[in-house]
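> need the 3D shape of this:
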Amino acid sequence: MAATTDTFLSSASVGNRESLHDKIWMLDTAEFPLLSAIGSGTAKSTNEEWQTDTLGSGSSTNYHLEGDDTANTAVTPTVRVGNRRQIFKKVFQISATQEVIDKAGRDSEIGYQTAKQGKQIKKDLETTLGLNQASIAETGATAGKLGGIPTWLTSNVSRGSGGSSGGFTSGVTTVCVDGTQRAFTEPLLQTVIKSAWDNGGNVRLLYMGSHNKQVSSGFTGIATQFQEAKGKLATIVGAADRYVSDFGTMTMVAGRHARARDVLALDPDMASMLWLRKFKREELAKTGDGRRFHIVGEGTLKINNEAAHGVVADLTTS
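Here you go, the predicted structure:
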């Protein structure tokens, strides 16, 4: 039913104040479980290199005759590997007017954008660490890229039909070839964990996307499905995050920026982020009636020894 004649409606008024809440509700997906779990160190070059080695298997024939001459044993050289550095950058420019004008939800646009872009650049790094991205040496026309974790893994892998590992060769890592996707199962995970342990690793972190995190909650190795509440009924835990294997207890993490088709089985003590330049906000040259900034950082990923880690690859994602 329509309003009666000459009813003064709010839509005709020019004096009503707007109601703009003094808070910005941003969906914050700034969670970095992978970056937080691994170590942090210092880089000194655009190509960081290190050496790997292994003790090999124990011998059951180490017995000798009394007074016998001693023969030499062949010495196996170390393996030299490395990763290229990558520059991460976020740029923003704020007009002088926007900075001084009265704003809802923040006092300073520069301050707000610094915080927002700072989280975004860390999201980019978290995504890159778990990416099937080969390392690339910088040239005059090509930006350098770090090799993501999946490109390193060759020793403890479970792949779908047609899939193959990348690995470090000729100074860079190469991408792994995706195979036919299959469902994530506990036996697949157990096989990779056992292989890593047999090779000397100690897997402590299982990093995966949301779908396979839900799948893993049904595994029999989940530590507990109930959380004790003192003096009250126990509360059911919907997302189990502790997995007990024959080779230790592991934390299962759903990564918002994880590669959805992979479950990474990691020994956090055997990986780190090496920084040539940690993230920093810098003001750029003024070219107009505003201020321009970038947040920039430079570093690479160090996989101490890829045989300490593993991957269950080529998994379904829905």
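> what's near enough to touch residue 113?
Counting by C-beta atoms under 8 Å, 6 or more residues apart in numbering, residue 113 makes contact with 92, 94, 293. C-beta: built from backbone N, CA, C; applies to glycine.
> run the last query once more with 6 Å
Residue 113 makes contact with residue 92 under the criterion C-beta atoms under 6 Å, 6 or more residues apart in numbering.
> what's the answer for residue 151, then?
Contacts of residue 151 (C-beta under 6 Å, 6+ apart): 134, 166, 173, 175.
> quick one: it is in a helix?
Yes - counting by DSSP: H, G, I helix; E, B strand; the rest coil, residue 151 is found in a helix.
> neighbours of the closest residue to residue 108 other than its chain neighbours, how many?
In space, and not counting its chain neighbours, residue 108 is closest to residue 99: 6.7 Å by C-beta to C-beta, 6 or more residues apart in numbering. Using other C-beta atoms under 10 Å, the number of residues around residue 99 comes to 15.
> residue 99 is in what secondary structure piece?
helix 96-100 (DSSP states H and E).
> next, the buried residues of the helix or strand that that helix is followed by.
Next in sequence after helix 96-100, counting helices and strands by DSSP H and E, comes helix 109-129. Neighbour-count burial for helix 109-129 flags 109-110, 112-114, 116-119, 121-129 (criterion: 16 or more other C-beta atoms under 10 Å).
> identify the residues contacting the closest residue to residue 163 other than its chain neighbours.
What sits nearest to residue 163 in space, not counting adjacent residues and going by C-beta to C-beta, 6+ apart, is residue 179, at 2.5 Å. Neighbouring residues of residue 179 by C-beta under 6 Å, 6+ apart: 159, 160, 161, 162, 163, 314.
> what's residue 179 sitting at in phi/psi?
Dihedral pair for residue 179: phi -110, psi -170, per degrees, to the nearest 10.
> all helices for the chain, in order.
With helices called from DSSP state H, the chain shows them at 33-37, 96-100, 109-129, 149-152, 186-198, 210-216.
> so which of those helices comes closest to residue 43?
helix 109-129 (14.0 Å; C-beta to C-beta).
> for residue 204, give its distance to residue 149.
15 Å (C-beta to C-beta, to the nearest Å).
> how about residue 18?
49 Å.
> neighbour-wise, which of these two wins?
residue 149 (27 against 5).
> I'd like the distance between residue 253 and residue 9.
55 Å.
> tally up the residues packed near residue 258, please.
24.
> tell me who's in contact with it.
130, 207, 208, 209.
> isn't residue 145 right up against residue 136?
Yes - using C-beta atoms under 6 Å, residue 145 is in contact with residue 136, at 4.3 Å.
> who has more neighbours out of the two?
residue 145 (22 against 16).
> quick one: contacts for the more buried one?
Residue 145 touches 86, 133, 135, 136, counting by C-beta under 6 Å, 6+ apart.
> what number of residues lie near residue 213?
Neighbours around residue 213, by other C-beta under 10 Å: 21.
> pLDDT score for it?
The model reports residue 213 with a pLDDT of 94.
> what sits closest to it if chain neighbours are left out?
Nearest to residue 213 is residue 254, by C-beta to C-beta, 6+ apart, at 3.7 Å.
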